[in-house]
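A.B. asks: I'd like to go over a predicted model; first the sequence, then the structure.
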Amino acid sequence: MAAIESHGLRKAFGTTVALDSIDLRLEEGRILGIIGPNGAGKTTALNAILGLTPHEGTLQVLGRNPWTQRDQLMRDVAFIADVAVLPRWMRVSQLLDYVAGVHPRFSRDRAQGFLAKTAIQPDAKIRHLSKGMVTQLHLALVMAIDARLLVLDEPTLGLDSLYRKQFYDSLLNDYFDRSRTIVVTTHQVEEFQDLLTDVIFMDRGRILLNSTIEEYEARYLELIVHPEQVAAARALKPIFERQLFDRGILLFDHGDRQQLGALGDVRTPSIADLFVAVVGQAPGQIGQSQGATR
Amino acid sequence: MNTPANTAPTSLGAQAIPSAAFSMTRPFYWSVQRELWENRSIYIAPLAAAAVFLIGFLISAIHLPRQMRTLSAPALHQTIMTPYDFVAGLLMLTAMAVGLFYCLDALNGERRDRSILFWKSLPVSDATAVLAKASIPFVVLPLITFAVTVAAQWIMLLLSSAVLLGNGLSAGTLWTQVHLIPMSLMLLYHLITVHVLWHAPFYGWLLLISAWARRAAFLWAVLPIIAIAFVEKIAFNTSHFATFLGDRLGGGAEAMTMPGSMPIDPGVHITLGRYLSSPGLWIGLAFTALCLAAAVQLRRQRGPL
């Protein structure tokens, strides 16, 4: 069964189209990264998947319609919408009591095991925790839920890079076991590039690239060449070109590895670099790209 | 991909049996518990009001021995009974004030601080969440009012008995005048018929506005009512709407006939049949149900502010 399957998924707010006919199929056991600038429609897509907003078109999450069957779906789905949403007035112990009370698949022991590795005290109020600790706490909660689908919307926004790395490390080491599905949106691509099995680029409500990492690595090549080879490399029709010091860096779609290897160093481009090539702007930039999509 | 597809239905089926019982009562219980954690004024305010009153009562009890000796029987009865009525009324007013502010914030605060995204990440339906919040004015506050009032009245009776005994007087007159158990039963009846059922539309309306308003929920709750009364006054020079609201707020009079001003006086006659057959009760409850249903839909559709 597909974890997520959609056909013609569409969502408009007034005249603004946030999701423009999205077709998507994600099998269970995958880790999907949805990458796009602010305003690309990532959060709207996640909200539709989580049943937080009605939508047009068909959408099935774990075989259910998320809008009409949300209450049942939420037993199998966990999500972190944003780091700042844990209720600030609550104590850590109350939070554990509450989640243990309402969630049939929450293991309090597991959550306490994760928390024991942090500096978070059980009687601390959430408002007195640092931003990094709140994220650790929220991650400990969701990792203690035996969910089939975990959705993370910009989970590490506002965290420094040390916490970001810890976050993804524990997600991969302590949680992911190939039977769960994880969907992450972010525009801080670097930290979690190695985690993904699938990647989607979104911009202005559309999917510009939808690929498994294997396909991605087979398809896209980055060639680093000395200036004297640039003209020859250009003849092979790169999709993007940039300069780094005196070297030319050219991106190829379906390039011939041997042919390119004769001109310079060939490697797999980073997701962030490919994003710039495909979408025409860095993933962290505010939307409204200048029509550079192709 | 075949393995998870084949195992998923069986594991879901196994989950379905305990979760059916799990699905409603436990999330509801914990949702109410959560409201009490967040809004401690629900029980602190009545306790504080009762404590302040008891201090005042203790000081005034100094005069009791003299009053027992000098006052005529009817005047003495009045003097003895007034504080018992007064503490009940004080705690009812406190609960109404707490209920008002609680309801206005109940569905608004969670959107304002974005914690609604966390609450919605858990398997608690919007209906459960809204009903848990509605249970505060409809169940929790009346029960607390009842318990604190009865406790305060027992403390008052024991305190004044101690004062009389300390002055070498008998407390017997006091105990024949004050009938705490019938008073408690009348209080419970009054709380259910008036403060829960008759006032229900107010709380329903406040919860609806709390779910709907982006900000200034208090103004949105009050201004339309004032506007309707005002327009009616200008247009027709009548004040039916204002009278109607006043009757509703002070009302529930169908539930009993009272010789005195307070519902817990002895001699009050319960008229449950008249109360249950008054259309106002059922119209009010239907309005409340509509407000709550609308609040559930609003909570479902709206995200954080």
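C.D. replies: That came in fine, so what should we check first? Not measured: the values here are computed from a predicted model.
A.B. asks: which SS state does the nearest residue to residue B:298 once chain neighbours are set aside fall under?
C.D. replies: Spatially, and ignoring its direct neighbours in sequence, residue B:298 is nearest to residue B:211 (4.0 Å; Cβ to Cβ, 6 or more residues apart in numbering or on different chains). Where you see a C-beta, it was placed from the backbone N, CA and C, and this is true even at glycine. Of the three states, residue B:211 takes helix according to DSSP: H, G, I helix; E, B strand; the rest coil.
A.B. asks: can you pull the pLDDT of the residue of the stretch 1-150 of chain A found nearest chain B?
C.D. replies: Closest residue of the stretch 1-150 of chain A to chain B, Cβ to the nearest Cβ: residue A:101 (3.4 Å). Reported pLDDT at residue A:101 in the predicted model: 93.
A.B. asks: show me the contacts for it.
C.D. replies: B:26-27, B:29-30, B:33 (Cβ atoms under 8 Å, 6 or more residues apart in numbering or on different chains).
A.B. asks: are we agreed that it is in a helix?
C.D. replies: Yes - using three-state DSSP, the assignment for residue A:101 is a helix.
A.B. asks: let me see the contact set for residue A:4.
C.D. replies: A:24-26, A:49, A:59-61, A:149, A:181, A:183.
A.B. asks: alongside chain B, which residues does chain A contribute?
C.D. replies: A:1, A:27-29, A:47, A:50, A:52-54, A:62-63, A:70-72, A:74-75, A:78-82, A:84-90, A:94, A:97-99, A:101-105, A:142, A:148, A:179 (Cβ under 8 Å from any Cβ of the partner chain).
A.B. asks: tell me which of those fall in strands.
C.D. replies: Judged by DSSP state E, strands contain the following of these: A:27, A:78-80.
A.B. asks: most neighbours among those, please name it.
C.D. replies: When neighbours are counted by other Cβ atoms under 10 Å in any protein chain shown, residue A:78 leads those with 27 neighbours.
A.B. asks: hang on, the earlier thing: from residue B:139, how far off is the residue nearest to residue B:298?
C.D. replies: 19 Å (Cβ to Cβ, to the nearest Å).
A.B. asks: returning to that earlier point: in helices, which of the residues of chain A next to chain B appear?
C.D. replies: A:47, A:70-72, A:94, A:97-99, A:101-102, A:142 (DSSP state H).
A.B. asks: returning to that earlier point: could you dump the ones in strands among the residues of chain A next to chain B into TSV and include distance to residue B:204 and pLDDT?
C.D. replies: As requested, these are arranged in TSV below (distance: Cβ to Cβ, whole Å; pLDDT from 0 to 100):
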residue	distance to residue B:204	pLDDT
A:27	46	93
A:78	33	92
A:79	31	91
A:80	34	88
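A.B. asks: what's the farthest-apart pair in those?
C.D. replies: A:27 and A:80 (22.2 Å; Cβ to Cβ).
A.B. asks: which stretches in the stretch 51-200 of chain B count as helices?
C.D. replies: With DSSP state H, counting those that start in this stretch, the ranges of helices along the stretch 51-200 of chain B come out as B:64-70, B:73-106, B:109-112, B:116-119, B:126-135, B:141-166, B:172-177, B:180-190, B:200-212.
A.B. asks: would you turn those helices into CSV with mean pLDDT and mean neighbour count?
C.D. replies: Below are the helices of the stretch 51-200 of chain B laid out as CSV (pLDDT from 0 to 100; neighbours: other Cβ atoms under 10 Å in any protein chain shown):
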stretch, mean pLDDT, mean neighbour count
helix B:64-70, 82, 14
helix B:73-106, 91, 18
helix B:109-112, 92, 20
helix B:116-119, 92, 22
helix B:126-135, 95, 22
helix B:141-166, 93, 18
helix B:172-177, 82, 13
helix B:180-190, 89, 18
helix B:200-212, 95, 24
